[in-house]
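Asker: Model the structure of this input:
(chains A, B and C)
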Amino acid sequence: MARSVTTQRKIINTAAAWGIGFLIFFPILWTILTSFKTEATAIADPPVFLAFDWTLENYEVVLERSNYARFLWNSVFIAGGSTLLGLIIAIPAAWSMAFVPSRRTKDILLWMLSTKMLPAVGVLYPIYLIFIKMGLLDSRIGLTVVLMLINLPIIVWMLYTYFREIPGEILEASRMDGATLKDEILYVLTPMAVPGIASTLLLNFILAWNEAFWTLNLTAAKAAPLTAFIASYSSPEGLFYAKLSAASTMAIAPILILGWFSQKQLVRGLTFGAVK
Amino acid sequence: MGQIILEKVSKTFGDVEVIPPLDLTIQDGEFTVFVGPSGCGKSTLLRLIAGLEDMTSGTLKIDGVDATHVPPAKRGLAMVFQSYALYPHMSVRKNIAFPMRMAGVDKAEQDRRIEQAAAALNLTDYLERRPGQLSGGQRQRVAIGRAIVREPEAFLFDEPLSNLDAALRVGMRLEISELHKRLETTMIYVTHDQVEAMTMADKIVVLRAGFIEQVGSPLELYHKPRNSFVAGFIGSPKMNLIEGPEAAKHDAHSIGIRPEHIDVTDSDGLWQGKVAVAEHLGSDTFFHVHGTGLGETLTVRATGELGYKHGDTIHLTPRADQIHRFDASGLRME
Amino acid sequence: MATQHSRSAARLMMAPAVILLLGWMLVPLTMTLFFSFKKYLPMRGGDLGWVGFDNYIRFVTSSAFWPSVTATLVIVLGVLFITVVFGVLLAILLDQPMWGQGIVRILVIAPFFVMPTVSALVWKNMFMDPVNGLFAHLWQAFGLTPVEWLSQASLGSIVMIVSWQWLPFATLILLTAIQSLDSEQLEAAEMDGAPALSRFGYITLPHLSRAITIVVLIQTIFLLSIFAEIFVTTQGSFGTCTLTYLIYQRVLESQNIGLGSAGGIYAVILANIMAVFLMRIVGKNLDA
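Answerer: Sure, this is the predicted structure:
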């Protein structure tokens, strides 16, 4: 039973929580607001909060000038492609580990996790070299594969924890009913695991979207996603606050919305099921 | 046809021998029950027959054909699981259709068999529902329906009634028995409940620690238990097992006497003791008697109502022709 | 518990994931190891032969090494301290009954989803800029001289930016852990006469200890390799050159592959030490 609390206590809690929530959210809110200001209002002292002439001019400029669509498409391609590719490879692997566990399953899972912890900078040059040799530098395909590999352990882990909640008897029943392994995975396991697969997809899409080491170091003009596009504003161009804000807002808005849907899965995905 | 023969079948998990080599023949059309306490290997044995586990050694023949290495899907067996194992994302109709879909049965034939099974199992009104919307008993019937439409060589049941409440269990027990009479297909049924075994089986296989303790018809097991374990396991309430001087009088290490084979009198019995608990069921009365000097508690079952209550002294006389004698290793002595 | 058939199928289906990750781990790592024993300068002569442990020695004896260790430690420990302490407090606050809890949760979690380059740039320009930044305006409003955050208080500023990004993560995990605490335990303690602070110290905090450990370990692994935040703000100047960034500079900026590779091997060893601890915890959880 919930503990009953005085209204006064609840008001204090609410005020404190909203206050802190607002403070934490403020930089994002400020960025969004600034994106609708003119450059002059954006740096005005004292700062203007809401009472300014709202304009869409910055968005127009950013869209026009920077070939934003290409960066966006690169982000979607790389994040989406790496996640889908990862799922295709991870679903059979997670099936094996969840339903046909052996003595080594645990070790394999932990080993996979340990590859995730490999510091990227330690292998930057070899990857760079391999990419040059294979002509993958500044290509969407190359980056998609790398992001798939760095997120594969998380995908396998998340799916594994979801699959483990599906009773093995149901899969055995399908085997008795004459299903082949392919039928079993396609018609029984996958539809049952749809919620788990969806959250895995969502979280990994977000992680890939925001990845900012490989995307910065392995791309140039052609395959650069939004992370690199924004980083290009660290040049003096960044002094145009309103335009920077408009570009930033466009880069984070889609993922912010997806992220809010995946709060719960976030905990499970990033703690590898250790906190539920 | 569904004759199943196990020859020297064994199973080990790692270093643990779950089932030592055993032989067993199940005749076509027979209702066979594997019964035993939990951990006796009865479910493992069923899963070996199903092909869900590999045998460590031995051969399995279904209708004379070696099926040892045939995958479960190809053995022509249908299984009903303890948890029913229905596909939660499919309607009842799709659940029942699934094995036929896998076998490539044509659509019209599928529908015909579904209608037939649904009618027989009272599921016609529920065909479009999801398993989550059904009661336990209905789910159980869907699981059975899914098994029937395959027209299998044999049905395998893995404790199918243990998730149902007591009243429903009795009803489903009858339905399954009736189904067997109607289909005349081989059925292998695993349970830990000796009442289910006694009421349903043509042949009972009593297992303990992977060993077959006895195979026989329910009444054979009741009247001639091969050893003291089977004697204690089959029959309710349990047989009284008595050791010591009283057993020595019969030249045995221990003797067994079922509660219903002890007569109760006010005086002049062979034994006497105090009633600790009297359970009045109307049709029968159970007495749990202390202080007989024969061991802890003696259970007695008397027909009809007897008015004894806690603390009363009663006299007890076992029927001489119903005394079972066992030797030091627990084996029956004739 | 399965058949030979399904076991071999399982091995087959696990193979792509295992082989890919094995390749991803071994091939570049072997190459890094290989380069770390060479004098290798692609722009200035290329492969200049084997040098044994020279690079390893040079990396740790260079004047930039100890400052980079200090910077790394300050950032990792600073961020951990801030996120754990405020994370616990915030989690407790969010666990209290209030109106609009869902919305507050959304507000608090939001920074985690902001891409690192965006948060670094927004903080750098719009908040920490000594002329036009919001902080500068705020300081001036109180008649103070604006601080040049990213040069005068560079490490502190980066700790602050990174903490802002990771506080939601810590809060969310700790909140999940708090919500799994049986409220009857707290009520029992209240009945036993324990005041609020003791209830926190004896029941809530011990219950959270596992979650805190996990937060610390996972964040450490990520924090050791933060890159974009530094790349976008200071480019490693003003004492913000972490170990990761130093290796990056050696490899890409000064194109001294051998030296950078030796540094990379150090980083791998460091990460593995952290990983061992995390594995222990996660592994234990797997058995349960």
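Asker: quick one, what contacts the residue nearest to the spatial centre of chain C?
Answerer: Nearest residue to the geometric centre of chain C (C-alpha atoms, centre = their mean): residue C:223, 1.9 Å. By C-beta atoms under 8 Å, 6 or more residues apart in numbering or on different chains, the contact set of residue C:223 is C:75, C:76, C:79, C:80, C:162, C:166. Backbone N, C-alpha and C define where each C-beta goes, glycine included.
Asker: Now do the closest residue to the last one other than its chain neighbours, the pLDDT please.
Answerer: When the adjacent residues along the chain are set aside, residue C:166 lies closest to residue C:83, with 5.0 Å between them (C-beta to C-beta, 6 or more residues apart in numbering or on different chains). The predicted structure scores residue C:83 at 94 on the pLDDT scale.
Asker: Was I right to think residue C:83 contacts residue C:164?
Answerer: No. Look at residue C:83 against residue C:164 with C-beta atoms under 8 Å: they stay out of range, at 9.4 Å.
Asker: Show me which of those two is the more surrounded one.
Answerer: residue C:83 (26 against 20; other C-beta atoms under 10 Å in any protein chain shown).
Asker: Helix or strand for that one, just tell me which one.
Answerer: helix C:65-95 (DSSP states H and E).
Asker: buried ones in the helix or strand just after that helix?
Answerer: Remark: after helix C:65-95, the chain's next helix or strand is helix C:101-109, criterion DSSP H and E. By 16 or more other C-beta atoms under 10 Å in any protein chain shown, the buried positions in helix C:101-109 come out as C:101, C:104, C:105, C:106, C:107, C:108, C:109.
Asker: And for stretch B:38-47?
Answerer: B:40, B:41, B:42, B:43, B:44, B:45, B:46, B:47.
Asker: That stretch near chain C at all?
Answerer: No. Stretch B:38-47 does not reach chain C (C-beta under 8 Å from any C-beta of the partner chain); its nearest approach is 8.6 Å.
Asker: Leaving out sequence neighbours, find the closest residue to residue A:68.
Answerer: Nearest non-adjacent residue to residue A:68, counting by C-beta to C-beta, 6+ apart: residue A:62, 5.8 Å away.
Asker: picking that back up, check the buried residues of helix C:101-109 against chain A, which are close?
Answerer: Answer for these near chain A (C-beta under 8 Å from any C-beta): C:101, C:104, C:105, C:106, C:107, C:108, C:109.
Asker: Just give me the least confident of those residues.
Answerer: residue C:101 (83).
Asker: ok, the residue nearest the centre of chain A - contacts?
Answerer: In chain A, the residue lying closest to the centroid (C-alpha atoms, centre = their mean) is residue A:206, at 1.1 Å. Neighbouring residues of residue A:206 by C-beta under 8 Å, 6+ apart: A:79, A:255, A:258, A:259, A:262, C:113.
Asker: what number of residues lie near residue B:128?
Answerer: If you count neighbours by other C-beta under 10 Å, residue B:128 ends up with 10.
Asker: okay if I get the buried residues of stretch B:38-47 as CSV plus pLDDT and secondary structure?
Answerer: Below are the buried residues of stretch B:38-47 laid out as CSV (pLDDT from 0 to 100; DSSP: H, G, I helix; E, B strand; the rest coil):
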residue, pLDDT, secondary structure
B:40, 88, coil
B:41, 88, coil
B:42, 91, helix
B:43, 91, helix
B:44, 91, helix
B:45, 92, helix
B:46, 93, helix
B:47, 91, helix
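Asker: hang on, the earlier thing: export the contacts of residue C:223 to CSV and tack on neighbour count, pLDDT and distance to residue B:317?
Answerer: Listed next are these as CSV, based on neighbours: other C-beta atoms under 10 Å in any protein chain shown; pLDDT from 0 to 100; distance: C-beta to C-beta, whole Å:
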residue, neighbour count, pLDDT, distance to residue B:317
C:75, 24, 91, 90
C:76, 23, 90, 85
C:79, 26, 94, 85
C:80, 22, 93, 81
C:162, 26, 93, 88
C:166, 24, 92, 82
